[in-house]
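Undergrad: Test case, fold it:
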Amino acid sequence: MNPSRAPIGATQGSARRTAPCAFLRLKIPSLRFLIAPCLAAVIASATTVTATPPTSRRIIEHLKMAKIPDEGAWFAVTYESADRIPAGGLPPRYGSSRLAGTSIYALVTHADFSALHRLRTDEVWHFHAGDPIELVLLHPDGRSEIVILGADVLAGQRPQFPVLAGTWMGARPLSAAPEAYSLFGCTLAPGFDYTDYESGYRDELQAAYPDRATLIAELTRAEFLSRPPGQPAPATKAAQEPTPTVFSPDSIPTFSMAPGVELRELIGRTAAAKTSDYSIARFTLAPGKGTGTSYNKVGEEVFLIISGRGTVVLGKDATAVSAGSVVVMKPGVHHSLTASTEATEPLEFYAITFPAFSPQDYVRIE
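TA: I've put the predicted structure just below:
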């Protein structure tokens, strides 16, 4: 599974609610460390919930679930460890630190199935309610199997099942009924991280597992028919670590979050220089534009103001900031930053988060 949470619009005086990109989540910010692919996936998730069967729709709304980017199932985070394991305490394949553990609720329907994907971490699936689950597994050694997750243990169904790291997995309700749904949970230790997720491409998987070609076609979506030209398979990449090079922020493409609000993601989980240990992004707010109000559950964040003037609000306290100001935000502190309406130049700042920004850690305040 690939949990993430959605970004929000970031214009002063208006707040736009979207569904919670993994990924992507991301767990995604009011204005921080957002990337365009996650935004598109989030918008799609917000517009498709009404197309799901009535019972599953009520569960999705009750649990405040969001679509998992690329994978396509629904999810809601239920647990994130307060402890973090440093990179030196993990196998080399991780390359950076991870939360000690995470867990989510997840839900699949025939339309919102869990598309074939794999992780760097073992994942334990737990059946909760609804129809039994058809869990398709394509193992690294070329084997394949179908596991039925469900409550009827005496009939051979499995109430829980561990999927080992590196195994391709996909799932859907076992019942063919249009209204079928399956509610389950997934637990990972170390915890889920977006850099550990890899989507499966239909043509590559069918070539590797020809006896499962039909199932593979049914558990991959149109956007993953084949790998885009020039995109290397993640499995062949080195461990995700910060790129040890010198570069200018101006060399990084700018992403427009909203009119007058721009972002350059320099270092982080989805940046060109990848790491889960910290994130750095450079933001530009036009006069009168703001980040909106939010807080991090675990991450500590710092704003370094490099030009312009504005106002930062921490809790209930408002303080004027300008070039050279440093703003420190501890976990749980509600905060926002707005460029002065009287300024003639934009407000520019670096946003730094420790550990790296993660959509699951972000909370938007409406």
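Undergrad: how many neighbours does Asp131 have?
TA: Other residues near Asp131 come to 20 when the count uses other Cβ atoms under 10 Å. Where C-beta positions appear, they are placed from N, C-alpha and C, glycine not excepted.
Undergrad: Contact partners for it?
TA: Contact partners of Asp131, counting by Cβ atoms under 8 Å, 6 or more residues apart in numbering, are Gly150, Pro173, Leu174, Ser175, Ala177, Ala180, Tyr181, Ser182.
Undergrad: and the end-to-end length of stretch 143-155?
TA: End-to-end span of stretch 143-155 (Cα to Cα, to the nearest Å): 24 Å.
Undergrad: what does that stretch rub up against?
TA: With contact meaning Cβ under 8 Å, 6+ apart, stretch 143-155 is reached by 125, 127, 131-139, 156-161, 171, 174, 182, 184, 209, 211-212, 215.
Undergrad: If any of these are buried, give me the PyMOL selection for them.
TA: The following PyMOL line selects those of the contacts of stretch 143-155 that are buried, judged by 16 or more other Cβ atoms under 10 Å:
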select buried, resi 125+127+131+132+133+134+135+136+137+138+157+158+161+171+174+182+184+209+212+215
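Undergrad: in the stretch 1-150 of the chain, what spans have low per-residue confidence?
TA: 1-51 (pLDDT under 70).
Undergrad: now swap in the stretch 251-366 of the chain and tell me
TA: Using pLDDT under 70, the flagged stretches of the stretch 251-366 of the chain are 366.
Undergrad: For Met169, give its distance to His117.
TA: Applying Cβ to Cβ, to the nearest Å, the value for Met169 to His117 is 7 Å.
Undergrad: what about Gln267, how many neighbours?
TA: Not quite, residue 267 is Ile, not Gln. When counting by other Cβ under 10 Å, one arrives at 20 neighbours for Ile267.
Undergrad: May I ask which helix or strand encompasses it?
TA: Ile267 belongs to strand 261-268 when elements are defined using DSSP states H and E.
Undergrad: What helices and strands are in contact with that strand?
TA: Judged by 3 or more Cβ pairs under 8 Å, 6 or more residues apart in numbering; DSSP states H and E, the packing partners of strand 261-268 are strand 255-258, strand 273-274, strand 279-285.
Undergrad: Walk me through which strands the first one pairs with, and which way each runs.
TA: Right, strand 255-258. In the sheet, strand 255-258 lines up against strand 261-268 (antiparallel) (DSSP bridges).
Undergrad: just how off-centre is the partner strand within its chain?
TA: Chain-centre distance of strand 261-268: 16 Å, with Cα atoms, centre = their mean, to the nearest Å.
Undergrad: what angle separates it from strand 279-285?
TA: Angle of strand 261-268 versus strand 279-285, following axes from the mean of the first three to the mean of the last three Cα atoms, to 10 degrees, is 170 degrees.
Undergrad: For strand 261-268, C-alpha coordinates in CSV please.
TA: Provided in CSV are the C-alpha atoms of strand 261-268 (Å, rounded to 0.1, in the frame of the first residue of the first chain):
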residue,chain,number,x,y,z
VAL,A,261,2.8,31.2,-5.0
GLU,A,262,5.8,29.2,-6.3
LEU,A,263,8.0,26.4,-5.1
ARG,A,264,11.3,24.8,-6.0
GLU,A,265,11.8,21.5,-4.3
LEU,A,266,15.6,21.2,-3.7
ILE,A,267,16.2,18.2,-1.4
GLY,A,268,13.7,15.7,0.0
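Undergrad: List only buried entries from the contacts of Asp131.
TA: Buried among the contacts of Asp131 by 16+ other Cβ under 10 Å: Gly150, Pro173, Leu174, Ala180, Tyr181, Ser182.
Undergrad: if we can go back for a sec, CSV please, covering the helices and strands packed on strand 261-268 and showing mean neighbour count and distance to Ala73.
TA: Shown next, in CSV, are the helices and strands packed on strand 261-268 (neighbours: other Cβ atoms under 10 Å; distance: least, Cβ to Cβ, whole Å):
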stretch, mean neighbour count, distance to Ala73
strand 255-258, 18, 26
strand 273-274, 18, 25
strand 279-285, 24, 26
